[in-house]
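**Q** Sharing a model that was predicted from the sequence below.
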Amino acid sequence: MLVRPFEPMDFNYVISGWLKSYRKSDFAGVVSNDIYYATYLHTIESLIKSGADIHVCQDEEGKLLGFICHSVTDDGYAVIHYIYVNKDWRDFDIYHLLQDEVLGISPGFYTFRTKEIHRVLAGWRFAPEIARRK
């Protein structure tokens with residue numbers, strides 16, 4: 001497996017994986033379907049424009065298996081905005097491979113809560129306001 005920086009051809013995979021998986025999350029809140037996608041697409045695009053990094057994991061054949069969106073706070077703490085791994089690959093070590101790309105003091109913060117996040121980011125603190133400040 002290879003973890004590499006995001007490339008423009010990865011955009012649809014990242015956006016689709018993030019928006020669809022977070023929509024199914026118990027933590028997505030009560031945002032109605034008619035504004036959910038536009039609202040969170042804007043948030044994701046804002047994170048990218050503000051300098052958040054994205055790395056993707058792919059298999060030997062180039063199939064994308066997961067991604068991580070991350071940044072560093074002004075005081076040097078690691079921030080994971082979102083981490084996603086395809087359902088069929090969640091028992092593999094892909095979460096840790098992606099997490100290895102994150103710079104900054106760790107454990108740090110995460111900005112989007114999901115069911116998987118508690119399992120893979122033990123000791124990290126939930127701080128959703130960091131995504132809005134970017």
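**A** Received it, and whenever you're ready, just let me know what you need.

**Q** going forward, measure contacts between C-alpha atoms and count neighbours the same way
**A** Noted.

**Q** Do a quick rundown of the helices in the protein.
**A** Secondary structure of the chain by DSSP state H: the helices cover 11-23, 33-49, 94-99, 115-120, 129-133.

**Q** deepest of those helices, which one?
**A** Of all the helices of the chain, helix 94-99 has the most neighbours on average by mean count of other CA atoms under 10 Å, namely a mean of 19.

**Q** Look up which residues are beta-bridged to the residue positioned nearest the centre of the chain.
**A** If you average the C-alpha coordinates of the chain and look for the closest C-alpha using CA atoms, centre = their mean, you land on Tyr82, 1.8 Å from that point. Residues found in beta-bridge contact with Tyr82 (criterion: DSSP bridges) are Cys69.

**Q** Give the full set of residues in contact with it.
**A** With contact set as CA atoms under 8 Å, 6 or more residues apart in numbering, Tyr82 has these partners: Trp18, Ile68, Cys69, His70, Tyr110, Thr111, Phe112.

**Q** Can you name the residues that contact the third one?
**A** It stands for Cys69. By CA under 8 Å, 6+ apart, Cys69 lies in contact with Ala52, Asp53, Ile54, His55, Ile80, His81, Tyr82, Ile83.

**Q** Nearest spatial neighbour of the fourth one, chain-adjacent residues omitted?
**A** Yep, that's His55 we're talking about. With sequence-adjacent residues excluded and distances taken as CA to CA, 6 or more residues apart in numbering, His55 is closest to Pro5, at 4.4 Å.

**Q** what about the residue lying closest to Asp59 once chain neighbours are set aside, how many residues close to it?
**A** Among residues not flanking Asp59 along the chain, Met1 sits closest, at 4.7 Å (CA to CA, 6+ apart). As a burial measure, Met1 scores 15 neighbours (other CA atoms under 10 Å).

**Q** Kindly report the same for Val79.
**A** For Val79, the neighbour count with other CA under 10 Å is 28.
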